[in-house]
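>>> no sequence for this one, just the structure:
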C-alpha cells in the first residue's frame, strides 16, 4: 500500500507538491483535462451520495483531490462541505477493505490513531477510540459496551476501518472552506455553477403519500430520535428538524408532533408549536424530510440496519416496511 492512494494522507500531499503543479496549472493545461473532470466528478458524485473509485488514472486521482477542495471552497456552502467530506471518507473506507492489518495500522498512524496488536487482536487507547467514535450513535459503539482492559479497547479490523473513516472525514473537512484566491474561483465558475445546480436538485426532496401512520415501520434513525426525546434528551437542531418533518409527512398532526417533544429538557410549547407549524407549511413553504445521505452528513444516521441498504430516504424505508407489514396481515 502507498499512503498516496489516500489523498488526505500526508504522503499524498507531499507527492502533490513534488509534481510542481499549481492550481493555475491544473486549470489551464490541456493535458490536465482528466484532472479537472475527475475533480468535478468527485464533488458532483459526493452531492449524490457516493464518489466512484477510478483507480485507472492514479495521477488524475492524486491531483483532482486538491482541485475538488478548491471547487467546494469556492461554492462556500456548509452543507456541501459536510457532504463532500463524508463521501470522500466513505470512498477511503471502501479502499481500506482491501488492505491488510499492517497497512491499516500505517494509515491509522497517519490519521493520528495508534492501534497496537494485543492478545486477542487489535487494541486502541480509549481516548483515541472516543475521539474517532464520537459521531457514531449505535449502542454497539458506546465505550461501556466494548471490551476494555487497562485503558485499551479491543477492536476488529472492520471496527478499525469504520473508525478510520470517521477520522478521515474529520481530516478532509478540516480547513474547508479554504481561502481560495478570487481569480481561481473565477476560473472555476463553470464548474461551481454545475455544482450549485446539483446542490439545488438534491435539496428538492420527493413528496410521498404514506397513508395511515404505522409506528412499527419507522426507520432506525427515527426510532432512535424518538427514544432519545422520550428519555429527556435535547436533540440537535438537524435531528429535531428531521424528526418533525418525517412525522408530519407520515400524517401526524401538528398537535401530535408538539407532544412528542414534551419530555425535552428545553421544551417550550409555544416555541415548539411555532417551529412545527413552520415546518408543516403554515408559513407557505412545506419542508420535506432529509434523505439518508443528508442524515449521514449531519451525523443523524445510527448506521444501516436491515432494509436501510435498499433505500435512500427514511420515507422510502417507512413506505416499504409499512407495505410489507400490511401484506403480512
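Good, I have the coordinates. Quantities reported herein were computed from a predicted structural model and do not represent experimental measurements. Numbering: from 1, shown residues only.
>>> Below-threshold pLDDT in this structure: ranges please.
55-56, 137-138, 203-212, 328-329 (pLDDT under 70).
>>> rerun that using 80 as the cut-off
1-4, 54-57, 135-140, 202-214, 231-232, 263-268, 282-286, 304, 306, 325-329 (pLDDT under 80).
>>> where along it do the strands fall?
Along the chain, counting by DSSP state E, strands occupy 116-118, 121-125, 148-149, 152-155.
>>> Any chance of those in a markdown table with distance to residue 307 and mean neighbour count as columns?
Glycine gets a C-beta too; all of them are placed from N, C-alpha and C. Output for the strands of the chain, formatted as a markdown table (distance: least, C-beta to C-beta, whole Å; neighbours: other C-beta atoms under 10 Å):
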| stretch | distance to residue 307 | mean neighbour count |
| --- | --- | --- |
| strand 116-118 | 36 | 12 |
| strand 121-125 | 31 | 20 |
| strand 148-149 | 33 | 12 |
| strand 152-155 | 27 | 20 |
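>>> possible to save the ones you listed as JSON lines with distance to residue 180?
Shown next, in JSON lines, are the strands of the chain (distance: least, C-beta to C-beta, whole Å):
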{"stretch": "strand 116-118", "distance to residue 180": "40"}
{"stretch": "strand 121-125", "distance to residue 180": "36"}
{"stretch": "strand 148-149", "distance to residue 180": "44"}
{"stretch": "strand 152-155", "distance to residue 180": "38"}
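>>> Pull up the gap between the spatially most central residue of the chain and residue 88, please.
Residue closest to the average C-alpha location in the chain (C-alpha atoms, centre = their mean): residue 297, at 3.1 Å. Using C-beta to C-beta, to the nearest Å, we find residue 297 at a distance of 12 Å from residue 88.
>>> next one: residue 67
Distance from residue 67 to residue 88, by C-beta to C-beta: 13 Å.
>>> can you check residue 69 too?
9 Å.
>>> and what of residue 108?
17 Å.
>>> More neighbours: the two, which one.
residue 88 (27 against 22; other C-beta atoms under 10 Å).
>>> Distance of the more buried one relative to residue 231?
For residue 88, the distance to residue 231 - C-beta to C-beta - is 34 Å.
>>> related to what we said a few turns ago, correct me, but the residue nearest to the centre of the chain touches residue 83?
Yes: counting by C-beta atoms under 8 Å, residue 83 is a contact partner of residue 297 at 4.9 Å.
>>> Give the full set of residues in contact with the closest residue to residue 176 other than its chain neighbours.
In this structure, residue 176 finds its nearest non-sequential neighbour in residue 81, 4.7 Å apart by C-beta to C-beta, 6 or more residues apart in numbering. By C-beta atoms under 8 Å, 6 or more residues apart in numbering, residue 81 lies in contact with 72, 173, 176-177.
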